[in-house]
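Asker: Need coordinates for the below:
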Amino acid sequence: MTVKIYHNPRCSKSRETLALLQQHGIEPEIELYLEKQYSVDFLQQLAQKLQLNSVREMMRTKDELYRTLHLDSHTVTETQLLEAIAQHSALLERPIVVNGEKAKIGRPPESVLAIL
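Answerer: As a prediction, the model looks like this:
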C-alpha cells in the first residue's frame, strides 16, 4: 500500500514529517497540495480517514485566510468548511499522511507513526 503525504516543502513540520517517514524506510508519494484543488467529496473522505469530530480539526484555523473568510464563526456548517477548503487548499492543515484508510496530521511529526 502506498503512503501519501500532503506536503508543503516550505513548512518545517511538513519537512520533518517527510524526513521521519524516510528514516523509517518509507518513500511516500508526495502531493504538493497547494498546487491542487480538491472536491468536497474527496475532502470529506479525508476527514473520515482522519477520524475527526469536526472539519475544523484539519484546517489552519490560525491562518489569516481562515479569519478573512469568516470561517471562525460557529454558524459555519461542516459543508461550508469543506467548500472553503475546496476553494482554498491553503486552508488544509499540513502535513497530512495517508496510509490506506487511515490518516494522521503530522503535528507533531511522530503522530503519523501510529498509522504505519
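Asker: what are the phi and psi values for the most far-flung residue of the chain relative to its centre?
Answerer: Checked against the mean C-alpha position of the chain, the extreme residue using Cα atoms, centre = their mean is residue 75, at a distance of 22.7 Å. Geometry field for residue 75 lists phi and psi as phi -90, psi -10, criterion degrees, to the nearest 10.
Asker: residues in contact with it?
Answerer: With contact taken as Cβ atoms under 8 Å, 6 or more residues apart in numbering, residue 75 is in contact with no other residue. For every residue, glycine as well, the C-beta is placed using N, CA and C.
Asker: separation between it and residue 51?
Answerer: Between residue 75 and residue 51 the computed distance is 25 Å (Cβ to Cβ, to the nearest Å).
Asker: Surely residue 30 is within a strand?
Answerer: Yes - secondary structure assignment (DSSP: H, G, I helix; E, B strand; the rest coil) places residue 30 inside a strand.
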